[in-house]
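Visitor: any chance you can model this:
(chains A, B, C and D)
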There are 2 protein chains.
Amino acid sequence: MTYIDQLRTYYERVTEECVSGLSLDCVIFGFHDTRLKVLLLKWKDTNEWSLPGGFIYKNESVDTAAGRVLRERTGLDQLFLQQFHLFGDAVRYDIEDTWQRLKMPMKYGINWPDRTISMGYYALVDYTKVMPTADFMSDECCWWDISELPSLLYDHQHIIEVALKTLRLQLNWQPIGLNLMPEKFTIPELQRLYEAVLGRPLDARNFHKKITGLSVLTRLDERRTGGAHKSPYLYQFDTVNYQKALINGNLNFV
Amino acid sequence: MTYIDQLRTYYERVTEECVSGLSLDCVIFGFHDTRLKVLLLKWKDTNEWSLPGGFIYKNESVDTAAGRVLRERTGLDQLFLQQFHLFGDAVRYDIEDTWQRLKMPMKYGINWPDRTISMGYYALVDYTKVMPTADFMSDECCWWDISELPSLLYDHQHIIEVALKTLRLQLNWQPIGLNLMPEKFTIPELQRLYEAVLGRPLDARNFHKKITGLSVLTRLDERRTGGAHKSPYLYQFDTVNYQKALINGNLNFV
DNA sequence: TCAAAAGTGTTGAGGCTACACCCATGT
DNA sequence: ACATGGGTGTAGCCTCAACACTTTTGA
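Guide: Residues are numbered from 1 along each chain as shown, chains lettered A, B, ... in the order given. You can find the predicted model right below:
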């Protein structure tokens, strides 16, 4: 079976089994090496990248479908996943141009709706736990630095921008740290995350004071060694107090 | 043509001309007489109420469709309208029970999808300018006090709750006052609005100090007379400064 | 004259910002 | 030894919350 046949079969199945005209796109954020990252897929035999996405089975909750897409691309379950915008413009992108960049015959001869509306989700994941996994349409699935994205298909550049804007706005009310950091981390590492999301530096003393003052962290008896400098303490989140601080909107580092 | 025929014709047109399986519901907030209000429709020949909603034409932007629904029910254009949640559970409500309450034969014999996903929008409108207008399916369209809602069809009770929660969260970043108040209003009246949204009383002196300190209001040379008490000054919003205050997130009365 | 709501300032507490030096570690 | 980043405290400012009396108006 050729790749094109596979694709046609896939889209035929989608047409039959999924909600028509509605898709979802996931902006999966990770954090590594002081940088905010996004998980992208490269389409087979092209140099074109896009967000992981998918369709909703006719008897499936949309949120569940988003969780499924996420699980398939990251290997992780029970992730922090949040609706952020419905992309419903009549013309979201240049369809012909897109099919050309994908080197595909338009529509594979099947009855595909003229326009697709897409629900945008963002996810916050622990970079160290993710196993990026390509699907049958892609030959690569990997992390990209948020500030060095490749050219993206569809309106995915726009979708990422909206997701990032939402993330910044929700920083104080969402468990950004809890979900993006590995289990054990140092306070300066957490500060780098906040700086990466906000896009500007924060004062180390004030950050330390604030985050420890909220008692959302538990200091471990371990330190991170290996740097040519004083070894910082490792911390874990105290999830109970973290939830409390979130509810109070106290995790703001403006 | 009987009412049932009209309905069948309508749903046939929707099936043909609209995006399938996706609808939208609008929670239209108004403010009157110290109370937050929602605009509801009563279905013909029943005592069942629901939110105004509609479908999206195949070549229409979803946001535009929401604006259209809103214009048809309020007579107003260019309203403040905001996506807030996609209601996409596989089973959102008891379908059979709903059709029974509507006293309708299910599906009118047409090919209607088994489940509908709905995008929730909320709107903030000037109560005094709205002309509530029923559609052909409803025999009443009117304002209901948010704390004294009737029994609602579908999952509309839930949708209103989510909308209200969103409104509270966004109070500091959205032009709540600007859109819900009439052109001229007094500071105590604006305070009542904030109290209605937040669901708790605010201190008059602190409110006055804060709101005047932001220079988002212009005091007019008029006063509201008629009450058996001191006549309060009338104010208008200074839209330029209002936008600035919103951007800075300064309109918070926590 | 009375009832009802409008208008108005001050004070204390807590949170935020700005700022500089010493310490621990690996090279 | 030295370079690198980690850890730590204080002072001033600003914002917020709490709080009561006088004024105006219509009935």
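
Visitor: anything in stretch A:63-77 near chain B?
Guide: Yes. Applying C-beta under 8 Å from any C-beta of the partner chain, one finds stretch A:63-77 in contact with chain B at A:63-64. All C-beta spots, glycine's among them, are computed from the backbone N, C-alpha and C.

Visitor: list the residues that contact the residue most central in space within chain A.
Guide: Centroid-nearest residue in chain A: A:Ile28, 0.9 Å away (criterion: C-alpha atoms, centre = their mean). Contacts for A:Ile28 (C-beta atoms under 8 Å, 6 or more residues apart in numbering or on different chains) come out as A:38-39, A:52, A:70, A:73-74, A:122-123, A:125, A:130.

Visitor: so which of those sit within strands?
Guide: A:38-39, A:122-123 (DSSP state E).

Visitor: which members of the residues you listed are the farthest-apart pair?
Guide: When C-beta to C-beta is used, the two most widely separated members of those are A:Leu39 and A:Tyr122, lying 11.1 Å apart.

Visitor: first-to-last residue distance for stretch A:192-208?
Guide: 12 Å (C-alpha to C-alpha, to the nearest Å).

Visitor: in that stretch, which residues are buried?
Guide: By 16 or more other C-beta atoms under 10 Å in any protein chain shown, the buried positions in stretch A:192-208 come out as A:192-197, A:202, A:207.

Visitor: equivalent analysis for stretch A:112-122, please.
Guide: A:112, A:115-122.

Visitor: got the domain ranges for chain A?
Guide: A:3-170, A:176-247 (automatic domain parsing).

Visitor: tell me which of those is the most buried.
Guide: domain A:3-170 (a mean of 18; mean count of other C-beta atoms under 10 Å in any protein chain shown).

Visitor: that one and DNA strand D in contact?
Guide: No. Judged by C-beta under 7 Å from any atom of the strand, domain A:3-170 stays clear of DNA strand D, getting no closer than 10.0 Å.

Visitor: tell me the mean pLDDT for that domain?
Guide: Mean per-residue pLDDT for domain A:3-170: 94.

Visitor: distance of A:Lys44 relative to B:Leu41?
Guide: To B:Leu41, A:Lys44 is 50 Å away according to C-beta to C-beta, to the nearest Å.

Visitor: SS state for A:Leu202?
Guide: Per DSSP: H, G, I helix; E, B strand; the rest coil, the secondary structure class of A:Leu202 is coil.

Visitor: that one and A:Glu195 touch, don't they?
Guide: Yes. Counting by C-beta atoms under 8 Å, A:Glu195 is a contact partner of A:Leu202 at 5.6 Å.

Visitor: centre of the chain to the lengthiest strand in chain A, how far?
Guide: Ordering each strand of chain A by length in residues (DSSP E) puts strand A:18-32 first. Centroid displacement of strand A:18-32 relative to its chain, using C-alpha atoms, centre = their mean, to the nearest Å, is 8 Å.

Visitor: thinking again about what came up before, among the contacts of A:Ile28, which one lies nearest to chain B?
Guide: Using C-beta to the nearest C-beta, A:Tyr122 comes nearest to chain B of those, at 13.6 Å.

Visitor: do I have it right that that closest one meets A:Cys26?
Guide: Yes. Counting by C-beta under 8 Å, A:Tyr122 touches A:Cys26, with 7.3 Å between them.

Visitor: need the overlap of contacts for these two.
Guide: The overlap between the contact sets of A:Tyr122 and A:Cys26 (C-beta under 8 Å, 6+ apart) consists of A:Leu81.

Visitor: for the closest residue to A:Ser23 other than its chain neighbours, name its beta-bridge partners.
Guide: Spatially, and ignoring its direct neighbours in sequence, A:Ser23 is nearest to A:Ser118 (4.7 Å; C-beta to C-beta, 6 or more residues apart in numbering or on different chains). When bridges are called by DSSP bridges, A:Ser118 pairs up with A:Ser23, A:Phe87.

Visitor: equivalent analysis for the one 4 residues further on, please.
Guide: A:Tyr122 forms beta bridges with A:Val27, A:Gln82, as assigned by DSSP bridges.

Visitor: for it, give me its contacts.
Guide: Going by C-beta under 8 Å, 6+ apart, the list of residues near A:Tyr122 reads A:26-29, A:81-82, A:84, A:163, A:166-167.

Visitor: nearest to A:Glu222 among those residues?
Guide: A:Phe29 (26.6 Å).

Visitor: for the spatially closest residue to that closest one that is not a sequence neighbour, list the residues it contacts.
Guide: Spatial nearest neighbour of A:Phe29, excluding adjacent residues (C-beta to C-beta, 6+ apart): A:Leu124 at 5.4 Å. Contacts for A:Leu124 were tallied using C-beta under 8 Å, 6+ apart; they are A:29, A:79-80, A:174-176, A:179-180.
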